[in-house]
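Trainee: no sequence on this one, just coordinates:
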């Protein structure tokens, strides 16, 4: 209390001094405040806070750091008496949740050099509730010491991670835990199609050492050497390398580029300073700050790339290929089903999935070793592999609005009656998935026994 | 005196106990029951219609995943109690039984595992014991084998046991110190000695402390979230609840259903442990005798004891050694030791540490004090008065163990954000005092168990004597009961204080300004970027040192009062 009082006094003092000097500056509010709720690390927020306060000395910026999910919950629970001005985080879906709760104020800006979309993925919210300020691409990060010790080749493409050589060496987060992971999963699904996409995802999951509980768990594990390869967003890789860890990062030839976002909170107590902050973030000066060695994110403003540091790719000149035209409507329609399906098939049943994957991989290796063609064994292995990627839900069902409604507790109105419950569905899926995985192990072992 | 069921004499109905019980109930109601109910009511809502239903609980029992999670949690909690006992028993016995140089230091050190800073502790554990940690790298290079310390359920048991065994140690030690020496002497005169004496007389007399500790370990492990998450074990109840509550977007009622089941089961487990104690009387009238007789060790005995003690300390303190290395290391990645050493991380950490440390000391200290006051009051009302429904106070307080921090945090925001703080006009939930209360509520069960165990060992006859001599009830509690409970109170304070100092999950929901943030929040800030690992570890080491120092001083205080009390000129009267 004492502290806050002193801080206020100090601020007041500063304000009075400033007012005395700039007699004509009537516009200067003496005690402007700005409260930012963010999931970004202090490495990022400090840079912007310092630069912004240098430009607007009358505004005292208070940064409140919360994980994305607690930040969202915090804003929802405090809406009745809101004290926050800005929400600033990566995951677009977190902003979608806030938008759905009508907790974001409309504030859009046209800035020269910022296009409206990148390969179909809109940079700003079409309804103007939140704005992209930086782009991030997904790729693979690996620990060089780990790769040497286990003699692993450096993976080049997503599909490399399905290879048996990487079994037990991969780390990934879950889409229900990390909005950015969700976008990667969705990109794979849109690029390869529902069935083939899931086959890729499940094959990668079957090689996973662990499914981490938060996005940062993946770079953390690679940095420690707990696992060798992680599927991460680019700046995790760049900044880990910049911090001296023996790690490296690369984009596969097909990846997703997603914007990190900022939005003004509805009923913000300090709306004008909040808008100034957004303007600053999108201005050429603000965009340049993203090149800071501890931040290393890709600006959304094309013009900022003239001063880009060595090695940072420019998504606007094709340095990063994004072959997938991201359809955000499609993503939105099946959002919860994809999250839930990933958890049921991979996160919660990782041991079973890993066992099945390994059995198939071993049977295959044996088949190859034996040299002779064994049609029967090969057929069994194919069958086992098909069982692993057999989905309990079809694409049409995943897109069905009625089916999706089961996964939302918020009903549009009191009269809407939803048939079925998430727990019921998940139990149904779980039963099928467990049966398939154990059957796959059986078939693969049978095939291996023939060789 | 033992195992004789004493019926407490019926006391006249007086208003005093009801007022105290009412105040406690009010506090628990406002800061635990109502906020939590506001959040977990979703568990009783039909997701389709919003009406009241129990169908979600039916779903819980129909789900193979949840059933498996339940049994995994049960298995892990049970085995952890056994292993924690194996670790704690020798430490408690050696330091209480023998004249051991540095008993206080050993007791303090073996308490340190409870103070495991969030996130960074996990990194240190992985770097040491993980499948590519120091130990396994050495094993692989030299012997070509690896040991999966940190994999699956057994990994959880390993980490939980070395993390939570101090609960047993601290409560058991407090109990051993309170044993009437004449009991032991009587047994010795009757020819009992050595292990038999310990098994038949000493350990049973120390039962209240052991049960208090063991039941805490059981329930805590059953409800614990941090360790399974750190090992990425999802098929246990607490992580299932957490993952479902805290994911973005989906609001699956099952998270709240699991929370409800965790709460009910925790209360049930405590009730069972209480049943085990029923009908037995552990109180002794002789106090201040310094506990069981201490004797000097012969050299070879001393050597053996030290070997065991240092072996145990070596294992349980390894994570903190890892933390220390991490804080001084430059880069530590896939190697037995860090690449180089530096003090730079401490410089970085210190730039922001001042406020965090001050806040932590204030918050955790206040929370600890609130806890022992509440704990003593609840224990007294439950065991010494005839207030109707008094057991429920205990049950409600214990339920706090099972409430995930994030649920309590959301509950507080929901309840106190709409209320303005008198004077400042800021929402009440943004006041730092709310963080203190949240910490106090979360750690109350720890202090409560210690207080209950301490009170169980005091004979009501002492209080009756005091009242017969004309002292008021309040004066009796103040002059007789509390001084006799001192050891247990310190044990309670230290456990609450130390664990509150590293609490994060409720804190992170409630922190509304960096100036009001405690150390664990500072740690969280660092642990979000690759560059923050070193400074985070440095901050973690500071947390451990501060809490360790506070613990050491508390132990010294207890030892001193105990020595003062048992000096010959004083030992004539019961104090």
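Mentor: Structure received. Computed from a predicted model, the values in this text were never measured in an experiment.

Trainee: shaky segments in the chain?
Mentor: Answering for chain A, as no chain was given. Of all residues in chain A, those with pLDDT under 70 make up the ranges A:1-31, A:120, A:323, A:409-419.

Trainee: hmm, I had chain B in mind actually
Mentor: B:1-13, B:48, B:102, B:247-251, B:278-293, B:561-575.

Trainee: Name the nearest residue to whichever residue of the stretch 251-400 of chain B sits closest to chain A, sequence neighbours excluded.
Mentor: Closest to chain A within the stretch 251-400 of chain B is residue B:334: 2.9 Å, counting by CB to the nearest CB. (Each C-beta comes from the backbone N, C-alpha and C, glycine too.) Excluding the flanking residues, the one nearest residue B:334 by CB to CB, 6 or more residues apart in numbering or on different chains is residue A:225, at 2.9 Å.

Trainee: which ones are touching that neighbour?
Mentor: Contacts here follow CB atoms under 8 Å, 6 or more residues apart in numbering or on different chains; on that basis residue A:225 touches A:143, A:145-146, B:132, B:333-335.

Trainee: who wins for neighbours among the residues you listed?
Mentor: residue A:143 (29 neighbours; other CB atoms under 10 Å in any protein chain shown).

Trainee: Kindly provide the distance from it to residue A:223.
Mentor: Using CB to CB, to the nearest Å, residue A:143 is found at 7 Å from residue A:223.

Trainee: How about residue B:188?
Mentor: Taking CB to CB, one finds residue B:188 at 59 Å from residue A:223.

Trainee: again, but for residue B:492
Mentor: For residue B:492, the distance to residue A:223 - CB to CB - is 39 Å.

Trainee: Give me the more crowded residue out of these two.
Mentor: residue B:492 (32 against 26).

Trainee: Quick check: which element contains the more buried one?
Mentor: Under the criterion of DSSP states H and E, residue B:492 resides in helix B:482-501.

Trainee: Touching stretch B:312-329 from outside, list them.
Mentor: B:87, B:90-91, B:106, B:109-110, B:112-113, B:116-117, B:120-121, B:123-125, B:127-129, B:134, B:162, B:165, B:332, B:337-343, B:345-346, B:533-534, B:537-538, B:540-541, B:544.

Trainee: what's around residue B:476, how many residues?
Mentor: 19.

Trainee: Distance of the spatially closest residue to it that is not a sequence neighbour relative to residue B:458?
Mentor: Spatially, and ignoring its direct neighbours in sequence, residue B:476 is nearest to residue B:466 (4.4 Å; CB to CB, 6+ apart). From residue B:466 across to residue B:458, the span is 11 Å (CB to CB).

Trainee: okay but residue B:123 is in contact with residue B:530, surely?
Mentor: No - if you go by CB atoms under 8 Å, residue B:123 and residue B:530 don't touch, sitting 11.3 Å apart.

Trainee: overlap in contacts of those two?
Mentor: By CB under 8 Å, 6+ apart, the residues touching both residue B:123 and residue B:530 are residue A:220.

Trainee: So residue A:271 versus residue A:105, what's the distance?
Mentor: 7 Å.

Trainee: Please, which helix or strand holds the residue of the stretch 351-500 of chain B found nearest chain A?
Mentor: Nearest to chain A, among the residues of the stretch 351-500 of chain B, is residue B:413, at 3.7 Å (CB to the nearest CB). Taking DSSP H and E as the criterion, residue B:413 maps to helix B:405-416.

Trainee: related to what we said a few turns ago, could you export the contacts of residue A:225 to CSV, including columns for distance to residue A:116?
Mentor: Converted to CSV, these look like this (distance: CB to CB, whole Å):
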residue, distance to residue A:116
A:143, 39
A:145, 44
A:146, 42
B:132, 46
B:333, 42
B:334, 44
B:335, 48
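
Trainee: in the stretch 101-250 of chain A, what residue is nearest chain B?
Mentor: residue A:225 (2.9 Å).

Trainee: For the stretch 151-300 of chain A, which residues are neighbours of chain B?
Mentor: A:176-177, A:179, A:209-213, A:216-217, A:219-221, A:223-227, A:236, A:239-240, A:242-247, A:294 (CB under 8 Å from any CB of the partner chain).

Trainee: what is the nearest residue to residue A:272 once chain neighbours are set aside paired to in the beta sheet?
Mentor: Distance criterion CB to CB, 6+ apart; nearest residue to residue A:272, sequence neighbours excluded, is residue A:32 at 7.9 Å. Going by DSSP bridges, residue A:32 is paired in beta bridges with residue A:59.

Trainee: Also residue A:259?
Mentor: residue A:135.

Trainee: Do a quick rundown of the helices in the stretch 151-300 of chain A.
Mentor: A:179-192, A:194-206, A:217-224, A:234-242, A:271-282, A:284-288 (DSSP state H, counting those that start in this stretch).

Trainee: Of those helices, which is nearest residue A:351?
Mentor: Closest approach to residue A:351 among the helices of the stretch 151-300 of chain A (CB to CB): helix A:194-206, 10.8 Å.

Trainee: Just the buried residues of that closest one, please?
Mentor: Neighbour counts over helix A:194-206 (16 or more other CB atoms under 10 Å in any protein chain shown) mark A:194, A:197-206 as buried.

Trainee: And that helix, what does it pack against?
Mentor: With contacts taken as 3 or more CB pairs under 8 Å, 6 or more residues apart in numbering or on different chains; DSSP states H and E, helix A:194-206 sits against strand A:170-173, helix A:179-192, helix A:350-370, helix A:375-388, helix A:395-399.

Trainee: care to break chain A down by domain?
Mentor: Recorded structural domains for chain A (assignment: automatic domain parsing) are A:2-136+A:258-317, A:138-256+A:329-450.

Trainee: winner for burial among these?
Mentor: Among these, the stretch with the highest mean neighbour count (mean count of other CB atoms under 10 Å in any protein chain shown) is domain A:138-256+A:329-450, at a mean of 20.
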